[in-house]
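Colleague: I'll drop the sequence and a predicted model, then ask my questions.
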Amino acid sequence: MADRLPAIFFGHGNPLNALGCNDYTEAWRRLGEEIPRPKAILAISAHWYGRETAVTVSVAPRTIHDFGGFPKELYQVQYKAPGDPALARRVQERLAPLLVKADDTWGLDHGAWSVLCHVYPNADIPIVQLSIDATRAPRFHFDIGRELAPLRDEGILILGSGNLIHNLRAYAWGQPLREPYDWAARFESRAKELMLARDYAALIDYEALGPDAILSIPTPDHYLPLLYVLGAGQPGEGIRFPVAGIEGGSVSMLAVQMG
């Protein structure tokens, strides 16, 4: 469909990207200019990772500064996009009979706003966040993406935010331009091959992909948002990677666009 919105996974990386101007943030800005303007955004961020599936219902979601040790300027960032309770209800309807809690305490965490402040700097598009239930297996998250896919035909941008590779133990702190570790480069290349081949089963069962995958995904929180986006893909539509790069040797900034 010509008016179908894409589903996009963003590698969000360092929260300081919210303040910066670099190759990644410029690519995010261009995406906001290139794709059709959404009626609203449904965001799935690595940083709302709990023990239930919930959706934000606030009309004015707060900007959450969910990090520590950064310059005070970062804590002063406010991304004052409106919420969209009607979209939250549509999410609940699409996912029924799964119980999706209506949450009025969460807001927009940095997985969402550190990217969106570049993609849509005017903060004038309504946003709803959907939590990630940490108690569920990867297949559950992919299947939720499939259930939410029809929202793309209603003018909704489905946005996942995490990192395909996110190993902070191996990260070269102070050396963001360090060459990628061999295992990181191999896993990113393999994951891209699997996405282009539509071998989503292998990406869902990522632990079976071997040591490179285990090193790249030591915890699932930053990886799972990708599965929502892949699940929201439609047969025959294109997959592209509008942003690429590996920071500090072990954090992938890869973006994946479906449609």
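Modeller: Received, thanks.

Colleague: helices or strands next to the helix ranked longest in the chain in the packing?
Modeller: Assignment by DSSP state H gives helix 182-196 as the longest helix of the chain. Here helix 182-196 touches helix 200-204, helix 211-216, strand 239-243, strand 246-247, going by 3 or more C-beta pairs under 8 Å, 6 or more residues apart in numbering; DSSP states H and E. Placement of C-beta: from N, CA and C, glycine included.

Colleague: orientation of that helix relative to strand 239-243 in degrees?
Modeller: 140 degrees (axes from the mean of the first three to the mean of the last three C-alpha atoms, to 10 degrees).

Colleague: can you list contacts of helix 182-196?
Modeller: Here helix 182-196 makes contact (C-beta atoms under 8 Å, 6 or more residues apart in numbering) with 164-165, 167, 180, 200, 202-203, 209, 211-213, 215-216, 230, 239, 241, 246, 249-250, 252, 254, 256.

Colleague: Quick check on the residues you listed: which are buried?
Modeller: Among the contacts of helix 182-196, those classed as buried by 16 or more other C-beta atoms under 10 Å are 164-165, 167, 180, 200, 202-203, 209, 212-213, 215-216, 230, 239, 246, 249-250, 252, 254, 256.

Colleague: rewinding a little: right, so of the helices and strands packed on helix 182-196, which gets closest to residue 24?
Modeller: Closest to residue 24 of the helices and strands packed on helix 182-196 is strand 239-243 (C-beta to C-beta; 5.9 Å).

Colleague: Run through who's touching that closest one.
Modeller: Here strand 239-243 has contacts from 10-11, 24, 27-28, 30-31, 192, 195-196, 233, 253-258, using C-beta under 8 Å, 6+ apart.

Colleague: Mark which of those residues are part of helices, please.
Modeller: Taking DSSP H as the definition of helices, the contacts of strand 239-243 contribute 24, 27, 28, 30, 31, 192, 195, 196.

Colleague: Which single one of those is nearest to residue 147?
Modeller: Among the ones in helices among the contacts of strand 239-243, and counting by C-beta to C-beta, the member closest to residue 147 is residue 195, at 20.1 Å.

Colleague: rewinding a little: next, format the helices and strands packed on helix 182-196 as JSON lines and append distance to residue 129.
Modeller: What follows is the helices and strands packed on helix 182-196, written out as JSON lines (distance: least, C-beta to C-beta, whole Å):
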{"stretch": "helix 200-204", "distance to residue 129": "23"}
{"stretch": "helix 211-216", "distance to residue 129": "25"}
{"stretch": "strand 239-243", "distance to residue 129": "21"}
{"stretch": "strand 246-247", "distance to residue 129": "24"}
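
Colleague: returning to that earlier point: format the ones in helices among the contacts of strand 239-243 as a markdown table; extra columns: neighbour count.
Modeller: Compiled in a markdown table, those are given as follows (neighbours: other C-beta atoms under 10 Å):
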| residue | neighbour count |
| --- | --- |
| 24 | 23 |
| 27 | 18 |
| 28 | 25 |
| 30 | 14 |
| 31 | 20 |
| 192 | 16 |
| 195 | 24 |
| 196 | 12 |
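
Colleague: Turn the residues you listed into JSON lines, columns for pLDDT and distance to residue 145.
Modeller: Below are the ones in helices among the contacts of strand 239-243 laid out as JSON lines (pLDDT from 0 to 100; distance: C-beta to C-beta, whole Å):
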{"residue": "24", "pLDDT": "96", "distance to residue 145": "24"}
{"residue": "27", "pLDDT": "97", "distance to residue 145": "23"}
{"residue": "28", "pLDDT": "98", "distance to residue 145": "21"}
{"residue": "30", "pLDDT": "97", "distance to residue 145": "25"}
{"residue": "31", "pLDDT": "97", "distance to residue 145": "19"}
{"residue": "192", "pLDDT": "98", "distance to residue 145": "18"}
{"residue": "195", "pLDDT": "98", "distance to residue 145": "13"}
{"residue": "196", "pLDDT": "97", "distance to residue 145": "18"}
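
Colleague: Thanks a lot, see you next time.
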